[in-house]
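**Q** sequence plus the predicted model coming up.
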Amino acid sequence: MHMRFMYCILFALLHMGSVSASGSNDLWITYRKVEDAKVSSEYRHVFSNIHFSYKSPILRSAAEELQLGVNGMLGQNKVVSLPFSDTTTMVILPQKELPDSLRSLVSMELDQLSKDGFLIKSVSYKKREVLVLSAQTDLGVLYGTFHLLRKMQMNLPLSKTAIMESPKIDFRILNHWDNLDRTVERGYAGFSIWNWHKLPDYKDPRYKEYARANASIGINGTVLTNVNANALVLTPSYIEKVRALAEIFRPYGIRVYLTARFSAPMEIGGLETADPLDQKVISWWKQKTADIYKEIPDFGGFLIKANSEGQPGPQNYGRTHVDGANMMADAVAPFGGMVMWRAFVYSDQDPTDRAKQAYSEFVPFDGRFRDNVLVQVKNGAIDFQPREPFHPMFGAMPSTQLMMEFQITQEYLGFSTHLVFLPKLFQEVLEADTYRREQGATVANVVDGSLHSNKITGMAGVANIGTDLNWTGHPFGQANWYGYGRMAWDPYTTAETIADEWLKMTFGTNPKFIEPMTKLLLDSREAVVNYMTPLGLHHIMDTGHHYGPGPWIGNLSRPEWNPTYYHRADSLGIGFDRSKSGSNATAQYAPALSEKWGDPATTPEELLLWFHHLPWDYELKNGNILWNGIALKYQEGVDQVKRMGETWEKMEPYVESSYHQEVAMLLGIQLKESQWWRDACLLYFQQFSKRPLPKGVPEPTKTLEEFKSLKFPFAPGIRPQW
Ligand code: GCW
């Protein structure tokens, strides 16, 4: 008995030496013990005599987080604030509470911060080094605290620190496509975490965890409900529930927003119209807004999807997006609120290329939206594909405040089964040059407001969060939530930096793990492009649920719902001609780009079939003909997933075993599905190319008919009516 006990301890110790990952249910803010003795002794010293404040709920959140961090990382039980003295080692305070002697040392820098930015700086005070963490606002202090803890999780030194950070974007927002019945549109991590039935009295402990995680990456707003909105959320009994959530989020600097169904005045207000110019409608929204602010004084505002995919909107009354957005904006303005008006619109009445419609509808309205309106534009003109050129609206509306909408949930990228590190995709979009200025004007320059001097700026990410124990379905989905937040804070952050941070925070700092895994993350996005939609192909997923390949689908009522509409494969070739000879969507980009992308020879190959319909024997840069090039790309994607699996196998010693198994199983599915994508797409396209598969691409294991017969009526995330 005794021996067995000893053995258990020994085993646990041995295991601990090599294991550096927590379970997959923990997010990046589990603070694991710092193993390196030198590093931990430095941290102990810094934390030996600290002075901080509990004066506001937000400062209390910071203190609580500090406690959690120190507990976990240094094994220190209690962190207490000692009075400021000559032996103080660290001060964590808002500017106004800093002792005068210290304030004078850092005030210049603090004055340079924008609201909610922070400073972490080692200063020399009475010949000793004191670490000062300060900010203009309490929220800045909370963000600085999370940053300090992040540095510690990464085992970085704290002495001689000089960090000044200000968020580059004002509104850093998650969009939940969560319905009131707790289903989540395009959600692959279980049900909605908002338990509407039990709210407001039952406050699930997860709400606070959610708030901590978001605050740790600087997210300061959350839209609780689906853009395909239900007006009921605006009724008093729901507002009470929303208020309960707002109260939990407030100490973390997170405001709540709701989606507003445009027809709500009729559905819950008894009016006969929802015409945005009708006086009764205007008054109804004003009153509704006032009622909400009475309950939730820091309510953020509304997100609206109007006249898109069947949602009601101002056009139902012959009015415009401007009429609708401004009416709503006027309702929230007296309370300091704002409106996010989505530009994701396309119509079944419009026979032109779907990729052109949002630009055509919105660009003529440039300069006509109120100052508290952000027009929310998806990163690409179609719909969250594995790869899309940036949306042509970015850069084309100099007098309109455009916010970015990314999708964190993987609607078109393998759901929560595929490991795809999205910051790589986000970075590609943000650093794309719009060519709207000679010296370069990137999408990030538009979104952060620097190009057009916006008054307000924003970024939205469609959340991948649900009731699954690991929050995001795939445990690596956490990296995408994390990465989105970091990029919303600073859209110039690189995917590589984010990968490094997230991996170290989640698994520890062992380079034997970090190096190969950073590579795995960074390569994973290109892998999914290769095995799903290489060379600019897009929207060829199976219909409705968007799970798996469906390039053969061509019988849906709306043309632009059909994959055949997008790939246009025929005996002559494949691809969507968006050049002058085709839909001329290229003309929506700046001249330098429309010229470049208008010619296959100067179009980057990764976007080739997005912009051009090319013959099967079109010669690619490497000398391969297009057909062979497509086939080899599919194969490359499969090979990449295989390598991801092999890398992960080797990581076994560094990861807790259940976590390791979980990811290994998912990578197994991803491999199978990548082969399914390759085989199904190539068999289908081969009917048109009439050419053999090139060497290196194996013969498919099923027939095209077998692939076509696969049906998934219960694939997750689908809207019942679709
Ligand atoms: O990506 C598409 C989705 C819809 C979604 C829509 C949108 C919320 O397939 O499910 O609806 O876009 O963004 O409005």
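**A** All right, it came through fine.

**Q** secondary structure element for Lys121?
**A** Using DSSP states H and E, Lys121 maps to strand 118-125.

**Q** what lies in contact with that strand?
**A** For strand 118-125, contacts defined as C-beta atoms under 8 Å, 6 or more residues apart in numbering pick out 101-102, 105-106, 109-110, 113, 129-135, 140-141, 143-144, 147-148, 158-165. For the C-beta atoms, the positions are set from N, CA and C on the backbone; glycine is no exception.

**Q** that strand: which residues count as buried?
**A** 118-122, 125 (16 or more other C-beta atoms under 10 Å).

**Q** check the contacts of strand 118-125 for burial and list the buried ones.
**A** The neighbour-count test (16+ other C-beta under 10 Å) marks 102, 106, 109-110, 113, 129-135, 140-141, 143-144, 147-148, 158, 161, 165 as buried among those.

**Q** low-scoring pLDDT stretches of the stretch 1-150 of the chain, where are they?
**A** 1-22 (pLDDT under 70).

**Q** show me the strands in it, by range?
**A** 50-52, 90-94, 118-125, 128-135 (DSSP state E, counting those that start in this stretch).

**Q** nearest to the ligand, out of the ones you listed?
**A** The ligand lies closest, by C-beta to the nearest ligand atom, to one member of those: strand 118-125, at 33.8 Å.

**Q** neighbouring strands - and their directions - for that closest one?
**A** Sheet pairing of strand 118-125 (DSSP bridges) gives strand 128-135 (antiparallel), strand 162-165 (antiparallel).

**Q** could I get the ones you listed as JSON lines with distance to the ligand?
**A** Converted to JSON lines, the strands paired with strand 118-125 look like this (distance: least, C-beta to the nearest ligand atom, whole Å):
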{"stretch": "strand 128-135", "distance to the ligand": "35"}
{"stretch": "strand 162-165", "distance to the ligand": "31"}
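
**Q** I'd like the average pLDDT over stretch 243-251.
**A** Averaged across stretch 243-251, pLDDT comes to 98.

**Q** quick one on the thing from earlier: distance to Gln661 added to the strands paired with strand 118-125, as TSV?
**A** Below are those laid out as TSV (distance: least, C-beta to C-beta, whole Å):
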stretch	distance to Gln661
strand 128-135	40
strand 162-165	38
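
**Q** ok so, going back, going by distance to Pro534, which of the buried residues of strand 118-125 wins?
**A** Phe118 (43.0 Å; C-beta to C-beta).

**Q** just give the closest residue to the closest one, not the sequence neighbours.
**A** Gly144 (3.2 Å; C-beta to C-beta, 6 or more residues apart in numbering).

**Q** how far away is that neighbour from Tyr31?
**A** 16 Å (C-beta to C-beta, to the nearest Å).

**Q** also Asn25?
**A** From Asn25 to Tyr31 the distance is 15 Å (C-beta to C-beta).

**Q** these two: which has the busier surroundings?
**A** Tyr31 (20 against 14; other C-beta atoms under 10 Å).

**Q** who's in contact with the closest residue to the ligand within the stretch 351-500 of the chain?
**A** Relative to the ligand, the nearest point of the stretch 351-500 of the chain is Asp383 (4.5 Å; C-beta to the nearest ligand atom). Counting by C-beta under 8 Å, 6+ apart, Asp383 touches 344, 412, 539.

**Q** can you rerun that using 10 Å?
**A** Contact analysis of Asp383 by C-beta atoms under 10 Å, 6 or more residues apart in numbering lists 344, 346, 354-355, 407, 411-412, 538-539, 546, 560.

**Q** SS state for it?
**A** Assigned by DSSP: H, G, I helix; E, B strand; the rest coil, the conformation of Asp383 is coil.

**Q** tell me where the stretch 251-400 of the chain has strands.
**A** Assigned by DSSP E, counting those that start in this stretch, the strands in the stretch 251-400 of the chain fall at 255-259, 301-304, 338-342, 373-378.

**Q** the ligand contacts on the protein?
**A** Residues of the chain lying close to the ligand (C-beta under 6 Å from any ligand atom) are 177, 185-186, 227-228, 305, 309, 344, 383-384, 411.

**Q** and these, which is closest to Tyr492?
**A** The nearest one, if we look at the residues of the chain next to the ligand relative to Tyr492 and count by C-beta to C-beta, is Phe384, at 22.1 Å.

**Q** which strand residues bridge the closest residue in space to the closest one that isn't next to it in sequence?
**A** Distances taken as C-beta to C-beta, 6+ apart put Gln407 closest to Phe384, at 4.1 Å, once the chain neighbours are dropped. When bridges are called by DSSP bridges, Gln407 pairs up with Val462.

**Q** wouldn't Phe576 be in contact with Asp353 here?
**A** Yes: Phe576 is in contact with Asp353 according to C-beta atoms under 10 Å; the separation is 7.7 Å.

**Q** which non-adjacent residue is nearest the residue in the stretch 1-150 of the chain that the ligand sits nearest to?
**A** For the stretch 1-150 of the chain and the ligand, the shortest gap (C-beta to the nearest ligand atom) falls at Leu27, measuring 25.2 Å. Counting by C-beta to C-beta, 6+ apart, Leu27 lies nearest to Ala213, which is 4.9 Å off, once chain neighbours are set aside.

**Q** cool, and Ile669?
**A** Closest to Ile669 by C-beta to C-beta, 6+ apart is Thr417, at 5.1 Å.

**Q** next one: the one you found from Lys424, what distance?
**A** 19 Å.

**Q** check Tyr531 too.
**A** Taking C-beta to C-beta as the measure, Tyr531 falls 15 Å from Lys424.

**Q** the two: who's more crowded?
**A** With neighbours defined as other C-beta under 10 Å, Tyr531 and Lys424 compare such that Tyr531 has more, 30 against 21.

**Q** just to check, the more buried one is in contact with Ser674?
**A** Yes: counting by C-beta under 10 Å, Tyr531 touches Ser674, with 3.9 Å between them.

**Q** common neighbours of these two, please.
**A** 414, 418, 634-635, 637-641.

**Q** narrow those to those in helices?
**A** 634-635, 637-641 (DSSP state H).

**Q** still on that earlier bit, now do the contacts for the residue nearest to Phe118.
**A** Shown in contact with Gly144 (C-beta under 10 Å, 6+ apart): 62, 92, 94, 113, 116-120, 132-135, 163, 165.

**Q** ok, back up a step: turn the strands of the stretch 251-400 of the chain into TSV, columns for mean pLDDT, mean neighbour count and distance to Leu522.
**A** Below are the strands of the stretch 251-400 of the chain laid out as TSV (pLDDT from 0 to 100; neighbours: other C-beta atoms under 10 Å; distance: least, C-beta to C-beta, whole Å):
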stretch	mean pLDDT	mean neighbour count	distance to Leu522
strand 255-259	99	23	33
strand 301-304	98	28	32
strand 338-342	98	27	31
strand 373-378	98	26	24
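
**Q** save those strands as a markdown table, and put in distance to Val363 too.
**A** Converted to a markdown table, those look like this (distance: least, C-beta to C-beta, whole Å):
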| stretch | distance to Val363 |
| --- | --- |
| strand 255-259 | 25 |
| strand 301-304 | 19 |
| strand 338-342 | 14 |
| strand 373-378 | 11 |
